[in-house]
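[1] Kindly return the folded structure for what I paste below:
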Amino acid sequence: MYQILKQIVKTGIKTETPPQSDESLRLLEQRLQQDILNVFGGALAIRMVDAGSCNGCELEIHAVNNAYYNLEGMGIKFVASPRHADLLLVTGPVSRHMEVALKRTYDAVPEPKLVVAIGECACDGGIFSPEGAGESYATCGKVANVIPVDVAVPGCPPTPTAILQGILTAIRTA
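    This next block holds a predicted model:
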């Protein structure tokens, strides 16, 4: 127990610095809410699909959904059904057994629909792409090989800020 406490004191607190109160951030949030209202007529509903990832990207997506980033306050929420979704967040290289499920999920999302590929594996096959294609007997490679992708967020795993920027970029391009 003593060693753990000693390590905690030695390491200190390792978290992100809290955002500073800034009028421009409040205006940006209002503009974002207006963009979501104009494009989707209400809140942005996101359906997350794990197409075969290692779950590193999912941990960062869960971090985006916590109180620190406050997605709910911006009018962005996660939903359980693709029929209620406006945007798909897809992680991982698309494994062969998830190919049909991903296509069906994409087809179930009503128009206008957006797709954001999260992580190196979803963008270009990641570690599963020694020659760059990422295709093998087990994977179809990147998400764009299976469904159209609007925004790709690279990183292994990408930071919550990068994921949030990818979501916001998708909304702006819609």
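
[2] Quick check: next helix or strand after the helix or strand of the chain with the lowest mean pLDDT?
    Least confident helix or strand, the chain: helix 23-40 with a mean of 66, by mean pLDDT, DSSP states H and E. Using DSSP states H and E, the next helix or strand after helix 23-40 towards the C-terminus is strand 44-50.

[3] Packing partners of that following strand?
    The contact analysis (3 or more CB pairs under 8 Å, 6 or more residues apart in numbering; DSSP states H and E) places strand 44-50 against helix 56-64, strand 76-78, strand 87-91, helix 99-108, helix 160-173. C-beta coordinates here come from the backbone N, C-alpha and C atoms, glycine included.

[4] Out of the ones you listed, indicate the one that is most buried.
    Stretch with highest mean neighbour count among these: strand 87-91 (a mean of 27; mean count of other CB atoms under 10 Å).

[5] now it against strand 44-50, angle please.
    Here the directions of strand 87-91 and strand 44-50 differ by 20 degrees (axes from the mean of the first three to the mean of the last three CA atoms, to 10 degrees).

[6] what distance separates the helix or strand that strand 87-91 is followed by from the centre of its chain?
    Using DSSP H and E, the helix or strand that directly follows strand 87-91 along the chain is strand 94-95. On the basis of CA atoms, centre = their mean, to the nearest Å, strand 94-95 sits 17 Å off its chain's mean C-alpha point.

[7] other SSEs contacting strand 94-95?
    strand 139-141.

[8] what does the average pLDDT come to for the strand it packs on?
    Across strand 139-141, pLDDT averages out at 84.

[9] Pairing partners for that strand, with directions?
    Paired neighbours of strand 139-141 in the sheet (DSSP bridges): strand 94-95 (antiparallel).

[10] average pLDDT across the partner strand?
    The model assigns strand 94-95 a mean pLDDT of 88.

[11] before we move on, what about stretch 150-166?
    89.

[12] State the distance spanning the first to the last residue of it.
    In stretch 150-166, first residue to last residue: 10 Å (CA to CA, to the nearest Å).

[13] which residues sit against that stretch?
    By CB atoms under 8 Å, 6 or more residues apart in numbering, the residues outside stretch 150-166 that reach it are 56-57, 59-61, 63-64, 69, 71, 89, 114-124, 126-127, 144, 167, 169-170, 173-174.

[14] pLDDT below threshold where in this structure?
    Residue ranges of the chain with pLDDT under 70: 13-30, 32-33, 35, 37-41, 128-134, 174.

[15] Secondary structure element for residue 5, which one?
    Going by DSSP H and E, residue 5 is in helix 2-11.

[16] What is that helix packed up against?
    Checked by 3+ CB pairs under 8 Å, 6+ apart, helix 2-11 has no helix or strand packed alongside it.
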